[in-house]
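K.L.:
Have a look at this prediction, sequence included:
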Amino acid sequence: MKKIIKKILLGLLALFFFVSFFFFLKEFASLGKSTAKKETTKKEEKTSVKEYKLSMIMAGDSLYHPGVYTDGKQADGTYNYDDQLEKIKPIIEKYDLKYYNQESILGGTALGLSGYPSFNSPQEVGDAFIKAGFNLVSLANNHTLDKGITGVTKSTTYWKQQKNVMTAGSYLSAEDKASHNHIGEKNGIKYAFFSYTTTTNGIKVPTGKDYAVDVYSEEKVKADVEAVKGKADVVFVAMHWGTEYTHEPTKEQKEIANYLASIGVNVVIGAHPHVVQPIEHIGDTVVVYSLGNFISAQVGTERRVGLLASLNITKKVEKGQSTISVSDVSGDLIYTYYTSNYKKFKVMPFYELNNNLLANYKTVQQKYEEIVGANDTAVTVGAMKG
């Protein structure tokens, strides 16, 4: 009997070890699968992080005095300004978004060409800038109303006919303004673009025709920015502000810049002083206080030196959440060359200058580069090379 019981116990013990070993192997296999699954999940999480990039360059005032627009007149009576921009075109074409401020209204020759103080320029000016690659155009400035509603109508009609160009700041009608698309998309990044001016040179906006020019107010810009939240990844605001011919931003400029930063504007693009002013960061917002003149017939080195500001925008999407960063902020100088009798206008990067084109150009370059980078060591100045 004892032998039988002993055999039964040994059998049960053997069975116990067998069952235990079976479950051990099963658990080990399950653990291996689980580990492999976790590693796969981690790999998937890493590969699910996507990045989108967008490059941008900004140029200043296109201000066509009689000398500048006469310089483009052809033998047959037509106008062409391609030569004036030929040195800048290869630079501009490298970027995704290319901004400039059309300071003098493009009412066209039929309206009668004119210069200071009430400007009207050939529409062929716009043709040349589009050929050079510009695709973001600010229309709100102190000269928008120079030729009244007729000028605004002719200008906005011209711009509405252009493909792949976004404008802001002046509109054909109230209906046009209400339906105007302020949001574009490039390289997987959606951007919104607005333009405002703080001055109209004392010209009153006609009653009921606020669409003619967007005059700045905190309420207006806040409403516009709020309207694109959740629709645009990044917001650009062009500001016509400040005091003419001073390199130092005014108290008003700084107050407006801080307000725009507080409501989520990513890039502020300044114009009106006609001379270059610093670039700086306010938190994550990049503020270009003044790009100066891009092209004009204004006299004086400080009014002929302009600024090209550039930057990169990165959108990172991870687990359904996107973040935006603005980096590689840079400022590089340009110069409007023309002869003593206001001929042969050409916008040139500083790296193509010499002492015959601009006396002591190296000293001039150092002076204005110091102005551009005076407020922010994070801004790269003078990096552009031919």
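P.N.:
The structure has been received and is ready for your questions.
K.L.:
so how far is Asp210 from the residue positioned nearest the centre of the chain?
P.N.:
Central residue of the chain (C-alpha atoms, centre = their mean): Met56, 5.2 Å from the mean position. The gap separating Met56 from Asp210 is 29 Å, by C-beta to C-beta, to the nearest Å. In this view, the C-beta of every residue, glycine as well, is placed from N, C-alpha and C.
K.L.:
quick one on the thing from earlier: need phi/psi at the residue nearest to the residue nearest to the centre of the chain when sequence neighbours are not counted.
P.N.:
Computed as C-beta to C-beta, 6 or more residues apart in numbering, the closest residue to Met56 that is not its neighbour in sequence is Leu97, at 4.2 Å. Leu97 adopts backbone torsions of phi -110, psi 130, taken as degrees, to the nearest 10.
K.L.:
Give me the pLDDT for Tyr196.
P.N.:
We have a pLDDT of 98 for Tyr196.
K.L.:
for Glu45, same thing?
P.N.:
Looking at Glu45, its pLDDT is 48.
K.L.:
what ranges do the helices span in this structure?
P.N.:
2-47, 66-70, 89-92, 124-131, 148-160, 174-179, 218-228, 251-262, 301-304, 361-372 (DSSP state H).
K.L.:
how about the fourth one: buried residues?
P.N.:
Along helix 124-131, the positions that meet the burial threshold by neighbour count (16 or more other C-beta atoms under 10 Å) are Glu124, Val125, Gly126, Asp127, Ala128, Phe129, Ile130.
K.L.:
Show me what Asn293 is bridged to.
P.N.:
Beta-bridge partners for Asn293, by DSSP bridges, are Asp61.
K.L.:
meant to ask about Ala238, not that
P.N.:
Here Ala238 sits in beta bridges with Ser195, Ile269, as judged by DSSP bridges.
K.L.:
pretty sure Asn135 is touching Gln162, no?
P.N.:
No. Judged on C-beta atoms under 8 Å, Asn135 makes no contact with Gln162 at a distance of 9.2 Å.
K.L.:
and these two? which has more neighbours close in?
P.N.:
Set side by side, Asn135 and Gln162 show more neighbours around Asn135, with 21 against 15, by other C-beta atoms under 10 Å.
K.L.:
which phi and psi does that one have?
P.N.:
According to degrees, to the nearest 10, Asn135 has phi -140, psi 0.
K.L.:
mind checking how far it is from Lys154?
P.N.:
In terms of C-beta to C-beta, Asn135 sits 21 Å off from Lys154.
K.L.:
ok so, going back, now, which of the buried residues of helix 124-131 sits nearest Lys251?
P.N.:
Nearest to Lys251 among those is Phe129, at 32.8 Å by C-beta to C-beta.
K.L.:
Check what pLDDT the residue nearest to the closest one when sequence neighbours are not counted gets.
P.N.:
Among residues not flanking Phe129 along the chain, Tyr100 sits closest, at 6.3 Å (C-beta to C-beta, 6+ apart). Looking at Tyr100, its pLDDT reads 98.
K.L.:
give me the number of residues near Tyr100?
P.N.:
Counted with other C-beta under 10 Å, the neighbours of Tyr100 add up to 26.
K.L.:
and what of Val276?
P.N.:
So Val276, with other C-beta under 10 Å, has 26 neighbours.
K.L.:
I'd say it and Arg303 touch.
P.N.:
No. Val276 is beyond contact range of Arg303, at 10.0 Å (criterion: C-beta under 8 Å).
K.L.:
Please enumerate the shared neighbours of these two.
P.N.:
Contact criterion C-beta atoms under 8 Å, 6 or more residues apart in numbering; residues shared by Val276 and Arg303: Gly292.
K.L.:
May I have the residues that are in contact with the nearest residue to Thr314 once chain neighbours are set aside?
P.N.:
Computed as C-beta to C-beta, 6+ apart, the closest residue to Thr314 that is not its neighbour in sequence is Ser325, at 4.9 Å. Ser325 makes contact with Asp284, Ile313, Thr314, Lys316, according to C-beta under 8 Å, 6+ apart.
K.L.:
Buried ones among those?
P.N.:
Buried by 16+ other C-beta under 10 Å: Ile313, out of these.
K.L.:
Reformat the contacts of Ser325 as TSV; add distance to Ser104 and pLDDT.
P.N.:
Output for the contacts of Ser325, formatted as TSV (distance: C-beta to C-beta, whole Å; pLDDT from 0 to 100):
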residue	distance to Ser104	pLDDT
Asp284	34	97
Ile313	30	98
Thr314	35	98
Lys316	41	97
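K.L.:
and the nearest residue to Val213 once chain neighbours are set aside, backbone torsions?
P.N.:
Spatial nearest neighbour of Val213, excluding adjacent residues (C-beta to C-beta, 6+ apart): Thr144 at 4.2 Å. Main-chain dihedrals, Thr144, degrees, to the nearest 10: phi -60, psi -40.
K.L.:
Look up the pLDDT of Thr144 for me, please.
P.N.:
You'll see Thr144 listed with a pLDDT of 98.
K.L.:
list the buried ones in stretch 344-363?
P.N.:
Going by neighbour count (16+ other C-beta under 10 Å), the buried part of stretch 344-363 is Phe345, Lys346, Val347, Met348, Pro349, Phe350, Leu353, Leu358, Tyr361.
K.L.:
from those, which single one is nearest Pro249?
P.N.:
Closest to Pro249, out of all of these and judged by C-beta to C-beta, is Phe350, at 22.7 Å.
K.L.:
Surely that closest one and Tyr337 touch.
P.N.:
No. With contact defined as C-beta under 8 Å, Phe350 does not reach Tyr337; the gap is 11.2 Å.
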